[in-house]
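Q: Here is the input, now give the coordinates:
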Amino acid sequence: MYIAPMQELKTHLSALAEKAANGEIVEITKHNKPFIRLMPAVESAMRMGRFVGKKSLKTVVSKNTAGAFLKALQADRE
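A: Numbers count the residues shown, from 1 in each chain. Presented below is the predicted three-dimensional model:
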């Protein structure tokens, strides 16, 4: 979280908005007390875990698919 006084918001609004758009929460203070928070309007729906791309894929549904979805996902990883 980036904390900035109201004066910094007045002088660097576009830079602070860019920080917020990139996922960082920007808290604006007024008289050294939290006043407003800037954050992305829409958060990414996908969360990446620490094992992304490191584990092998396993077929969960194999009936009538012959592993086609699994092959497509594996090809996408490569």
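Q: Helices of the chain, residue ranges please.
A: If DSSP state H is used as the criterion, the helices of the chain fall at 6-11, 13-21, 68-77.
Q: measure stretch 16-26 end to end?
A: 7 Å (Cα to Cα, to the nearest Å).
Q: which parts of it are buried?
A: 16, 19, 20, 26 (16 or more other Cβ atoms under 10 Å). Where you see a C-beta, it was placed from the backbone N, CA and C, and this is true even at glycine.
Q: I'd like the helices of the chain as CSV, with distance to residue 50 and mean pLDDT appended.
A: Below are these laid out as CSV (distance: least, Cβ to Cβ, whole Å; pLDDT from 0 to 100):
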stretch, distance to residue 50, mean pLDDT
helix 6-11, 35, 94
helix 13-21, 25, 93
helix 68-77, 16, 75
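Q: thinking again about what came up before, and the buried residues of stretch 16-26, which two are the farthest apart?
A: Longest distance between any two of the buried residues of stretch 16-26 is 6.6 Å, between 16 and 20; criterion Cβ to Cβ.
Q: joint contacts of those two?
A: Residues touching both residue 16 and residue 20 by Cβ atoms under 8 Å, 6 or more residues apart in numbering: 26, 38.
Q: if we can go back for a sec, how about the helices of the chain, which one is nearest residue 31?
A: Across these, closest to residue 31 is helix 6-11 (Cβ to Cβ), at 8.5 Å.
Q: Quick one: distance of the closest one to the chain centre.
A: 26 Å (Cα atoms, centre = their mean, to the nearest Å).
Q: Also stretch 18-33?
A: 16 Å.
Q: Contacts for it next, please.
A: Under the criterion Cβ under 8 Å, 6+ apart, residues 1-6, 8-9, 16, 34-40, 43 lie in contact with stretch 18-33.
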